[in-house]
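# Just to be clear, the model below is a prediction. Sequence and coordinates:
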Amino acid sequence: MVKVAVFLGHRLVKIALIMLAIVIINFSLIRMAPGDPAIVMAGEAGASDEQYVEQLRERFGLNDPLPQQLASYVLQVAQGDLGYSYRQRRPVADIVLERLPATLLLTGIAFIFALAMGVLLGSLAAMKAGRWADTVITTFSLLSYATPIFWVGLMLILLFSVQLGWLPAFGYASIGGGFQGLKHVADVAAHLVLPVLTLGLFYMAVYARLTRSSVLEVYDMDFVKTARAKGISESRVMYFHVLRNASLPVLTFAGIQAGHLIGGSILVETVFAWPGIGRLAFDALLQRDYQVLLGVFIITSLMVLTFNIITDLLYSVIDPRIEVA
Amino acid sequence: MSLAFWKAFSQNRGALIGFVIFTGVVLLALFAGVFYPDSPWDMVTAPFQPPLADDAFLGSDMLGRDIAAGIAHGARVSLLIGLVSSLGALLIGVTLGALAGFYGGWVDDVIMRFTELFQTIPNFVLAVMIVAIFTPSIGSLVFAIAVVSWPPLARLTRGEFMSLRTREFVLAAVTTGQSTSAIIFREILPNSLSPIIVAASLTVATAILLESALSFLGLGDPNMMSWGYMIGASRTVIRQAWWMSFFPGVAILLTVLAINLVGEGLNDALNPRLARKGRA
């Protein structure tokens, strides 16, 4: 337990440093943007007379020297203040946090789906290496590397909502459905199917390919032969000896790709009108609401960092020889 | 490029297919102005024409623009942005990776922390932000895509440089008093080129995907027709007109697939010992 605490302590320091760097990137992006930030802000607020612009400049300390501005911006973000959206007339932190649960639900389920199906298909492909199932899985992953994720979403809508009419194409729940309890859960679940499939298919292919090669590698190792020689059943060998070891590289990769998954959710949420931060970012783009965009960037970065910690912890659960460090 | 290389490459069926498709896309991009001399933004026929219509064989969009003309002209944007931004990523990645791998020590530490930072950041979100803030144009798209694509190239180059740094021929160059730049450019870089070429070709593929995603969100260059834009603009009418978003998507899929296949073929041909082994 102490080790885990020390690990988390180290990680928190690292997170703080990375977040600092991200906030600095944010700050320099705003400063590098063409045009006077005060005029941009005034535009966002829908007013542009000289006096108001000067007032904004004063209020946001735009007349201070740059290092001082940076320091106050860092301090502000550290206190959880992500700025103020003049479009929506609300603090950015509130807007983003309100949308966070929907995104967590979508990315979380998509990730679990991708990991479970990927490992399953990958081990199947490995056990039948060189046969048709293997070819199908390899071809599928090659294709999904090359397909734009938003287009997959549109084509799934075309097939399952427009042609077959099986699943809803847009939103989080039926409008005016007013379902309660279990019915509401079922309604949301139906709305989740297509976005989860869209987001998950690509990663499923990636994990399947990884699992395949890593299972093939572990399969030939001595300890697996020993296990078989002891007369352990084939499925037990697969689960307890092969998969446990083969899943480590998959997990490493999953950790590295967390940022990618969250980036993909912007596109998927845009296609399916899913009310998460991705959709929020898209709307902010249309309205040129940069404050919200910057807030989304900070929150998604935090999500990635949290996700990385979780995968590191899982790592030591799967392989106790690896100590958290 | 030796004879053995071409032999190995041409024996790889996937790579050949990829090469043929890719050549087709390049020709389409080069001769877009010949096939479709008019601007792809012009209204040439009635709106909502389904495919195989008389004057637009892939159909027309909501404003009567020819989908086929859009795809031909979009090929230019995709290839241009894909190539130029990959060159940019290559420049950043190889420079940083070479410095880190060659000097080691604190230089390596600083550069690798910097690379890790860029690998942690959700890079699509960063790209969206850069393009949005600098206003969409070819320049800002290329810059944004290059900024988010270099880390894998840097890590790869660093690894190559670190392992080559201690090899005899490099030590010999050091002993004979060659300058640092000569050692880097004449001794190490040429020997680490083949994995870098393979990685760069895959970078082009992801760059094209990134460009299409950005222009899907409406962040494409407003003066240039692109595949992502075509899909993004017509997605609201997908119930009535599937062809408007279907064909540009197929164009992206084929182009990216072709580049990936060529990249894998290059990998197998350039690194025959590693071919088909331990690759995910």
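Great, that's in hand. Numbers count the residues shown, from 1 in each chain, chains lettered A, B, ... in the order given.

# A:Lys3: what secondary structure?
helix (DSSP: H, G, I helix; E, B strand; the rest coil).

# Check B:Leu63 too.
Here B:Leu63 is coil, with the state taken from three-state DSSP.

# How many residues are close by it?
13 (other C-beta atoms under 10 Å in any protein chain shown). C-beta: built from backbone N, CA, C; applies to glycine.

# Now do the contacts for it.
Going by C-beta atoms under 8 Å, 6 or more residues apart in numbering or on different chains, B:Leu63 touches B:43, B:47.

# what are the phi and psi angles of it?
The phi and psi values for B:Leu63, taken as degrees, to the nearest 10, are phi -110, psi 20.

# Next one, pLDDT for it please.
Looking at B:Leu63, its pLDDT stands at 75.

# Then B:Ile81?
pLDDT, B:Ile81: 92.

# Ok, the one 10 residues further on next?
As predicted, B:Leu91 sits at a pLDDT of 94.

# cool, A:Gly165 as well?
Model confidence at A:Gly165, given as pLDDT, is 71.

# quick one, phi psi at it?
According to degrees, to the nearest 10, A:Gly165 has phi 70, psi 30.

# and what of B:Ala56?
When read as degrees, to the nearest 10, the backbone of B:Ala56 gives phi -160, psi 100.

# Who does the closest residue to it other than its chain neighbours form a beta bridge with?
Counting by C-beta to C-beta, 6 or more residues apart in numbering or on different chains, the nearest residue to B:Ala56 once its immediate chain neighbours are dropped is B:Asp66, at 4.5 Å. Beta bridges link B:Asp66 to B:Ser60, judged by DSSP bridges.

# List the contacts of B:Asp66.
Neighbours of B:Asp66 in contact, by C-beta under 8 Å, 6+ apart: B:36, B:40, B:44-45, B:55-56, B:58, B:60.

# Next, format those residues as a markdown table and append distance to A:Asp283, pLDDT and secondary structure.
Shown next, in a markdown table, are the contacts of B:Asp66 (distance: C-beta to C-beta, whole Å; pLDDT from 0 to 100; DSSP: H, G, I helix; E, B strand; the rest coil):
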| residue | distance to A:Asp283 | pLDDT | secondary structure |
| --- | --- | --- | --- |
| B:Tyr36 | 35 | 77 | coil |
| B:Pro40 | 28 | 77 | coil |
| B:Val44 | 33 | 73 | coil |
| B:Thr45 | 33 | 74 | coil |
| B:Asp55 | 37 | 71 | coil |
| B:Ala56 | 33 | 71 | strand |
| B:Leu58 | 31 | 77 | coil |
| B:Ser60 | 29 | 74 | strand |
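
# Could you work out the most separated pair of the residues you listed?
Across the contacts of B:Asp66, no pair lies farther apart than B:Pro40 and B:Asp55, at 14.3 Å, counting by C-beta to C-beta.

# How about the contacts made by the closest residue to chain B within the stretch 1-150 of chain A?
Residue of the stretch 1-150 of chain A nearest chain B, by C-beta to the nearest C-beta: A:Ala146 (3.8 Å). By C-beta under 8 Å, 6+ apart, A:Ala146 lies in contact with B:205, B:209, B:252-253, B:256-257, B:260.

# Now rank these by neighbours and give me the top one.
Going by other C-beta under 10 Å, B:Ile252 tops these with 27 neighbours.

# That one touches B:Leu209, doesn't it?
Yes. Under the criterion of C-beta atoms under 8 Å, B:Ile252 makes contact with B:Leu209 at 7.1 Å.

# Now the common contact residues for the two.
Joint contacts of B:Ile252 and B:Leu209 (C-beta under 8 Å, 6+ apart) are A:146, A:148.

# Any buried residues in the helix or strand that contains B:Ala72, and which?
Per DSSP states H and E, B:Ala72 falls inside helix B:67-103. For helix B:67-103, the neighbour count (16 or more other C-beta atoms under 10 Å in any protein chain shown) marks B:67-90, B:92-94, B:96-102 as buried.

# rewinding a little: higher neighbour count, B:Pro40 and B:Asp55?
Neighbour count, other C-beta under 10 Å: between B:Pro40 and B:Asp55, B:Pro40 has more, with 22 against 11.

# Now whatever residue of the stretch 201-325 of chain A ends up closest to chain B: closest residue in space that isn't a chain neighbour?
With C-beta to the nearest C-beta as the measure, A:Gly263 is the residue of the stretch 201-325 of chain A nearest to chain B, at 2.7 Å. The shortest distance from A:Gly263 to any non-neighbouring residue, by C-beta to C-beta, 6+ apart, is to B:Phe124 (2.7 Å).

# Please determine how far that neighbour is located from B:Ile196.
24 Å (C-beta to C-beta, to the nearest Å).

# same deal with B:Trp106?
Going from B:Trp106 to B:Ile196 by C-beta to C-beta gives 25 Å.

# that older thread, return the residues in contact with the residue of the stretch 201-325 of chain A closest to chain B.
Here A:Gly263 is in contact with A:300, B:122-125 (criterion: C-beta under 8 Å, 6+ apart).

# Quick check: which element contains A:Asp312?
For A:Asp312, the host element (DSSP H and E) is helix A:290-318.

# before we move on, the earlier item: tell me the most packed of the contacts of A:Gly263, by neighbour count.
Busiest of the contacts of A:Gly263 [other C-beta under 10 Å] is A:Thr300, holding 29 neighbours.

# Was I right to think that residue contacts A:His260?
No. Using C-beta under 8 Å, A:Thr300 is not in contact with A:His260; the gap is 11.2 Å.

# ok now do the residue of the stretch 1-150 of chain B found nearest chain A, which residues does it touch?
Ranked by C-beta to the nearest C-beta, the top residue of the stretch 1-150 of chain B for proximity to chain A is B:Phe124, at 2.7 Å. B:Phe124 makes contacts with A:259-260, A:262-264, A:266-267, B:148, B:210, B:213, as judged by C-beta under 8 Å, 6+ apart.

# about what we covered before: check the spacing between the residue of the stretch 1-150 of chain A closest to chain B and A:Val53 real quick.
Distance of A:Ala146 to A:Val53, given as C-beta to C-beta: 48 Å.

# Can I get the helix or strand hosting B:Ala173 in CSV, CA atoms only?
Assigned by DSSP H and E, B:Ala173 belongs to helix B:168-175. Output of helix B:168-175 as CSV, limited to C-alpha atoms (Å, rounded to 0.1, in the frame of the first residue of the first chain):
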residue,chain,number,x,y,z
GLU,B,168,32.8,0.7,-34.9
PHE,B,169,32.5,2.8,-38.0
VAL,B,170,31.2,5.7,-36.1
LEU,B,171,33.9,5.4,-33.4
ALA,B,172,36.4,5.3,-36.3
ALA,B,173,35.0,8.5,-37.7
VAL,B,174,35.3,10.1,-34.3
THR,B,175,38.9,8.9,-33.9
